[in-house]
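Participant: Prediction below, plus the sequence it came from.
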Amino acid sequence: MKVKKCILFLKQNEGLDTSFHNSKIMHPAEEMRYWPRLGIYVSRIDAESYCGKVGGRHTHLDDDLEEFVPVSTHDEAAMRKEVEMLFDNPPVESPVLSDEIQLMVKTIQFEENRVATIKKWIKEDGMEKQEAKDRFQKEMDAMVREALGLPDETEQEKEYRLRAKATQEENKRRAAELDADSEE
């Protein structure tokens, strides 16, 4: 399967952010395959690069011995053979995302639009800045709970959140007092 188009997920009124050093525009002729090992579509170059990074032998620090010890990882040769088979055979479609994954993707997209959403609420709904931030956090918390299958917030969690907010406000107040004292 040849990729005919480059699909970009851009926010409204936003261009391509080229400041991210790993971003790249795919060439139309670049073949992509769904790699079940990673759960994503990859090009041959990216798949081979992945093999080189995770394959082979590595070391990690063993705290008990206080020295680096070798660790076997994925067999690089076996992974490269897997990539070869992946690109030598016809492409397979990715599986349909589960409801849980779709909820997580929706939550991630909501978080990515945080600033725009808060500004919209301030501008269009006439909210105060802190009120809009609090609303966003409340909606985000509800989305995360739903995505993870957690129950509604308990009274203990509400109490902890309110205490944490009060502590944060007190710390800000003290910092402002210190700044005022240091200016005198």
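Facilitator: Received the coordinates, thanks. Numbers count the residues shown, from 1 in each chain.
Participant: Could you pull out the strands in the chain for me?
Facilitator: Taking DSSP state E to define them, one finds strands in the chain at 32-35, 40-43, 57-62, 67-72.
Participant: what's next to the first one, contact-wise?
Facilitator: By CB atoms under 8 Å, 6 or more residues apart in numbering, the surrounding residues in contact with strand 32-35 are 1, 3, 26, 40-44, 47, 83, 86-87, 91-94. Every C-beta, even on glycine, is put in place using the N, C-alpha and C of the backbone.
Participant: I only care about those residues that end up buried; give me the PyMOL line for that.
Facilitator: Applying 16 or more other CB atoms under 10 Å to the contacts of strand 32-35 leaves a buried subset, and the PyMOL line that selects it is:
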select buried, resi 42+43+47+83+86+87
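Participant: Alpha carbons of stretch 155-170, as CSV, please.
Facilitator: C-alpha atoms of stretch 155-170 as CSV (Å, rounded to 0.1, in the frame of the first residue of the first chain):
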residue,chain,number,x,y,z
GLU,A,155,-15.7,13.0,49.6
GLN,A,156,-12.1,12.3,50.7
GLU,A,157,-10.8,13.2,47.3
LYS,A,158,-12.8,16.4,47.2
GLU,A,159,-11.5,17.4,50.7
TYR,A,160,-7.9,16.6,49.7
ARG,A,161,-8.3,18.7,46.4
LEU,A,162,-9.7,21.6,48.4
ARG,A,163,-6.9,21.5,51.0
ALA,A,164,-4.3,21.3,48.2
LYS,A,165,-5.8,24.3,46.5
ALA,A,166,-5.9,26.3,49.8
THR,A,167,-2.3,25.4,50.4
GLN,A,168,-1.3,26.5,47.0
GLU,A,169,-3.1,29.8,47.4
GLU,A,170,-1.4,30.3,50.8
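Participant: can you offset everything so residue one is 55?
Facilitator: Done: numbering now begins at 55, and the last item shifts to stretch 209-224.
Participant: Show me what the least confident helix or strand in the chain by mean pLDDT is packed up against.
Facilitator: In the chain, the helix or strand scored least confidently by mean pLDDT, DSSP states H and E is strand 111-116, which has a mean of 78. For strand 111-116, the packing partners by 3 or more CB pairs under 8 Å, 6 or more residues apart in numbering; DSSP states H and E come out as strand 121-126.
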